[in-house]
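Q: Got a sequence here, can you model it:
(2 chains)
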Amino acid sequence: MENLLFLSGVFLFYFFVAYVLISRVPTLLHTPLMSMTNAVSAVTLLGALILFSVPTTAVERILAGLAIVAAAFNVVGGFAITDRMLRLFKEKEAETETR
Amino acid sequence: MTETRYVLDLVLDLVVIAFLAIGIWQFRTPRGAKFGNLTAAFALLCAFVLVLWRSGVVDPATVVISLLIGSAGGYAVARAVSMIQIPAMVAVQNGAGGMAAVLVSLVELMRRADSLEFVNEFSGVLGLAIGALTFSGSMVAAAKLAGKMRQPPQVLPAHGVLVLATLVAMAAIGLWSLNVPIVVRLYLLIFQIVLAAVFGVLFSIRIGGADMPVLISFLNANTGLAAALCGMVIGNQLLIAFGATVAASGSILTHLMCRAMNRNLLRIFVPDSRQPKIVAQGRTEPAAAGLPNPPVSPADSQRADGSKLEQALAVLSDAKKIIIVPGYGMALAQAQGELVALANKLAEMGKRVRYAIHPVAGRMPGHMNVLLAEAGVDYDLLVEMEEINPEFQATDLALVVGACDVVNPAAIDVPGTPITGMPILLTHEARHVTCCNYDDQPGYSGVKNPLYEKPHTLLLTGDAKETLHRILEALTDEKPVIVHPAAVAAGDVLAAACDALLYAKTVVIVPGYGMALAQAQFKVAALAAMLAKRGAAVKFAIHPVAGRMPGHMNVILAEAEVDYENLLEMDTVNPMFEETDVALIFGACDVVNPAAIDVPGTPISGMPILMAHAAKTVIVCNLDSKPGYSGVDNPLYESPKTILLLGDAQKTASKLISALEALHA
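A: Numbering: from 1, shown residues only, chains lettered A, B, ... in the order given. Here you go, the predicted model:
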């Protein structure tokens, strides 16, 4: 029970913190925001990684491996596309940064 | 010792989470957001390293290979997509995130079946369901956005009952699975995943095009939730924190989108049973989507469009303050490049031009901003609805491009429609409104737009890209209006020819023996005089062998009282064609046949010709499209910039004159 309270508390706390932070994001940046948070949601990658911390059966290995593929696709693709998108936003005298 | 370790872990977790928070904090400004995105990526990398360091990996080969495959795929797709595909891309990624959450939860639930506490198990089963429905829902959304699936809502018989039944079954199986031996549990969990996936499909196929921003935001929130629940199974604070962040972001966006459409989330997912009927009587096909058949308009309406274009130009030239309202139709027509070029031109002319962005314009939150940013618009010109609405009253012109529902005043005036109460951009308060929309049909809501009927509104129907291009060309006054082949294909070549002549600054007329045969020289001369009076420079290009004797054409035109100063010989006129807006050919074929240059071995190969094909637009007024005396097919007739007016040249010339007169009046 203690555990439930703790975990839910953690969730609610961060939900609230994020809510406050994200409320400040202008509508101008909503698409990049969504794309970025989408990449963050691939944090399940860590979960998949933890699955590999003990010896695995073959089935587990396949499933967890697939989870890593999906999560890595999500995280790399998400941050890369967000970066591409944000580079498009120009100010009048914005210096153009290229990498 | 363990105490210290515990505290250290907690602190490190907090530091990583703080990085993520800083990343999001940077998203307050576009400039900061670039850094913010990298900060968030860095936070995730730190979390990754932290987990690696803490728990280690027993099977590095599988981990590394999976990581490489996923990352390479993600990076390749991210490089390849264009900005209009972003919503579909986000949906696919959402689906991948959901799938990862399902797999992790499943493995964890099965592996630690006897050591997990009830709370962890419960979260696991819930996470499984949410992950699976996010996956299938996102795939449906992606298919809809990529045009692989019909966008309008699809309602199965007894859809509501089906949805409810799946939901109840999911709850029952979820609870049941918590209290059964492990062998049975596996099957129950798999069944649970399938049910959740079916549920995801059921609710997302019922959501139509314009509600997509809500669906995408909702799915976004769900992946976050699935990740957080995944963290609850494992008992990892990082997962919970990151997942909660995403859930919060998705929830905020879902709420904002719903508010912007004045819709209740429940109403979007479980549509009112009355609603499809309203949609059905309003419209058959989505106005903006698809665009399968161009409307076949009779010559009259096309001609009216020509003068409407002139009116629009007049309004545009007079306006000092202009607000542009882009909608998803702009994106579909890929017209943002033309729109921005036009806006820049107007700004250059000293006008104040800004863009009004409705929160739900497009297919995901902020979609228009990204598209316009891609087209090179400074973001300080993109103004939000609340900020710009009070300014419409003092605005000379609201230029609506591919938007309908978001500027529909019925949302304010008419009670009981699906959009009643939805906040809109108050374009109708501007002094003038010009709409470049595909047609005058209602938008996705199915509610007729009274804005189109207002006396101060000009509706320019047709492909927005095409319309904007014509306006820009006319404003620039340098190039002719390049008539889209589609207009020609629609059968309205005369109107197309008129438009081309109307905006041409330089015209070269190429007379041939066909003109003489049809005795059309008087009409042609009259047409030339008319164009010259409108301010165009009109010349005649005389090929040495046009006619039946040397200098035949000169004589015939002299008879029609054409000033001989305007009759140019081939060598003089040929270099001028490239700068010519319209080459107008009357009854000439072989002397303007580019095959003489390009195709070897024909009877005319090597014969010097008039380079009419170099002109920006070519209008051919010949009796038929058969080859001339040489018998060599004329590729000029097939050229996309050629407008063919077949028939008696004298009649064609008369028609052109009267059409131009009508436009002028």
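
Q: SS state for the residue in the stretch 401-550 of chain B that chain A sits nearest to?
A: Among residues of the stretch 401-550 of chain B, the one nearest chain A by Cβ to the nearest Cβ turns out to be B:Pro423. It sits 12.6 Å away. C-beta coordinates here come from the backbone N, C-alpha and C atoms, glycine included. Secondary structure assignment for B:Pro423 (DSSP: H, G, I helix; E, B strand; the rest coil): coil.

Q: give me the number of residues near it?
A: By the criterion of other Cβ atoms under 10 Å in any protein chain shown, B:Pro423 has 19 neighbours.

Q: which residues does it contact?
A: Counting by Cβ atoms under 8 Å, 6 or more residues apart in numbering or on different chains, B:Pro423 makes contact with B:259-260, B:262, B:385, B:411.

Q: give the contact list for the residue most central in space within chain A.
A: When Cα atoms, centre = their mean is applied to chain A, the residue found nearest the centroid is A:Val40 (0.5 Å). Residues touching A:Val40, when contacts are defined by Cβ under 8 Å, 6+ apart, comprise A:75, A:78, B:20, B:40, B:44, B:224, B:242, B:245-246.

Q: So how do I select the buried members of these in PyMOL?
A: Here is the PyMOL command that selects only those of the contacts of A:Val40 that count as buried (16 or more other Cβ atoms under 10 Å in any protein chain shown):
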select buried, (chain A and resi 75+78) or (chain B and resi 20+40+44+224+242+245+246)
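
Q: Sort out which one of the contacts of A:Val40 lies nearest A:Arg61 for me.
A: When the contacts of A:Val40 are compared for distance to A:Arg61, the smallest value, 20.6 Å, is given by A:Val75; criterion: Cβ to Cβ.

Q: Could you double-check that that closest one lies in contact with A:Thr44?
A: No - taking contacts as Cβ atoms under 8 Å, A:Val75 lies outside contact range of A:Thr44: 9.4 Å.

Q: Give me the buried positions along the helix or strand containing B:Ile657.
A: Under the criterion DSSP states H and E, the helix or strand holding B:Ile657 is helix B:649-664. When burial is assessed from 16+ other Cβ under 10 Å, helix B:649-664 yields the following buried residues: B:649-650, B:652-653, B:655-657, B:659-660, B:663.

Q: Tell me which other helices or strands it touches.
A: Using 3 or more Cβ pairs under 8 Å, 6 or more residues apart in numbering or on different chains; DSSP states H and E as the contact definition, the elements that helix B:649-664 packs against are helix B:299-318, helix B:493-502, helix B:521-533, strand B:617-621.

Q: Looking at the buried residues of helix B:649-664, which is nearest chain A?
A: Using Cβ to the nearest Cβ, B:Leu663 is the member of the buried residues of helix B:649-664 that lies nearest chain A, at 40.2 Å.

Q: residues near the residue of the stretch 501-650 of chain B found nearest chain A, how many?
A: With Cβ to the nearest Cβ as the measure, B:Pro640 is the residue of the stretch 501-650 of chain B nearest to chain A, at 31.3 Å. Counted with other Cβ under 10 Å, the neighbours of B:Pro640 add up to 9.

Q: Same check on B:Arg28?
A: Using other Cβ under 10 Å, B:Arg28 has 15 neighbouring residues.

Q: before we move on, what about B:Glu578?
A: Here the count is done by other Cβ under 10 Å, and B:Glu578 has 10 residues near it.

Q: Ok, B:Asn262 next?
A: Look at B:Asn262: counted by other Cβ under 10 Å, it has 16 neighbours.

Q: these two touch, right, it and B:Thr417?
A: No - taking Cβ under 8 Å as the definition, B:Asn262 is not a contact partner of B:Thr417, at 10.5 Å.

Q: can you list residues touching both of these two?
A: Joint contacts of B:Asn262 and B:Thr417 (Cβ under 8 Å, 6+ apart) are B:Ala411.

Q: how near is the residue of the stretch 401-550 of chain B closest to chain A to B:Val433?
A: Distance from B:Pro423 to B:Val433, counting by Cβ to Cβ, to the nearest Å: 18 Å.

Q: any idea which of the contacts of A:Val40 is closest to B:Leu14?
A: Of all those, B:Leu20 has the smallest distance to B:Leu14: 10.8 Å, by Cβ to Cβ.

Q: tell me what the longest helix seen in chain A is packed against?
A: Criterion DSSP state H: the longest helix present in chain A is helix A:58-88. Contacts of helix A:58-88 with other secondary structure elements, assessed using 3+ Cβ pairs under 8 Å, 6+ apart, are made with helix A:30-40, helix A:44-51, helix B:30-55, helix B:60-80, helix B:86-111, helix B:367-374.

Q: Give the burial count for the closest residue to B:Gln650 other than its chain neighbours, as a bare number.
A: Distances taken as Cβ to Cβ, 6 or more residues apart in numbering or on different chains put B:Ala520 closest to B:Gln650, at 3.8 Å, once the chain neighbours are dropped. Here the count is done by other Cβ under 10 Å, and B:Ala520 has 25 residues near it.

Q: cool, and B:Tyr637?
A: 18.

Q: And the residue nearest the centre of chain B?
A: Residue closest to the mean C-alpha point of chain B, counted by Cα atoms, centre = their mean, is B:Ala331 at 1.6 Å.

Q: Specify the local secondary structure of that residue.
A: Applying three-state DSSP: B:Ala331 is helix.

Q: show me the contacts for B:Gly73.
A: Residues in contact with B:Gly73 (Cβ under 8 Å, 6+ apart) are A:69, A:72-73, A:77.

Q: what sits against A:Arg34?
A: Quick fix: residue A:34 reads Met, not Arg. Residues counted as contacts of A:Met34 (Cβ under 8 Å, 6+ apart) are B:90, B:216-217, B:220, B:249-250, B:253, B:364-366.
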